[in-house]
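In: Sequence unavailable; structure follows:
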């Protein structure tokens, strides 16, 4: 597996990975998704040869905050270290950033995954998060 910058947007493969995990809010508006990618701070992809395994997309200023916006791995490639490698690659790129944040679902498996990578729930570190959707 190789982690590399995702510098050339390929709509077909991006829509395929988003669809594979059921993120239809993104696939329903492909133009907005493309613009989101183009305006991201960083997009990395995991590949096995030329086969896309997953992607991670970060937004922010890269100095004081990085927000992991999307982490997607094709279902058949999950639980094989792809997501871990992608998150670690982002953390390695921004070792001095004070806040690296993300929002995710409430499943115990997801919480365990991010906690294994050093993330803490906001409440456990004396913070509270808010979102307007």
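Out: Arrived safely, thanks for sending. Quick caveat: nothing in here was measured; it's all calculated off a predicted structure.

In: can you give me the helices for the chain?
Out: Ranges of helices in the chain, per DSSP state H, are 11-20, 24-27, 30-38, 82-93, 108-116.

In: Quick one, which of those gets closest to residue 62.
Out: When those are ranked by proximity to residue 62, the top entry is helix 82-93, at 8.3 Å, counting by Cβ to Cβ. Placement of C-beta: from N, CA and C, glycine included.

In: Who are the packing partners of the closest one?
Out: Counting by 3 or more Cβ pairs under 8 Å, 6 or more residues apart in numbering; DSSP states H and E, the packing neighbours recorded for helix 82-93 are strand 2-5, strand 42-48, strand 51-60, strand 65-73, helix 108-116.

In: between these, which one is nearest to residue 97?
Out: Smallest distance to residue 97 across these (Cβ to Cβ): 5.1 Å, for strand 65-73.

In: which outside residues touch the closest one?
Out: Under the criterion Cβ atoms under 8 Å, 6 or more residues apart in numbering, residues 17-18, 20-21, 23, 36, 40-42, 46, 53-60, 82-83, 86-87, 90, 94, 97-102 lie in contact with strand 65-73.

In: in its sheet, what does it sit against?
Out: According to DSSP bridges, strand 65-73 has the following sheet partners: strand 51-60 (antiparallel), strand 99-102 (parallel).
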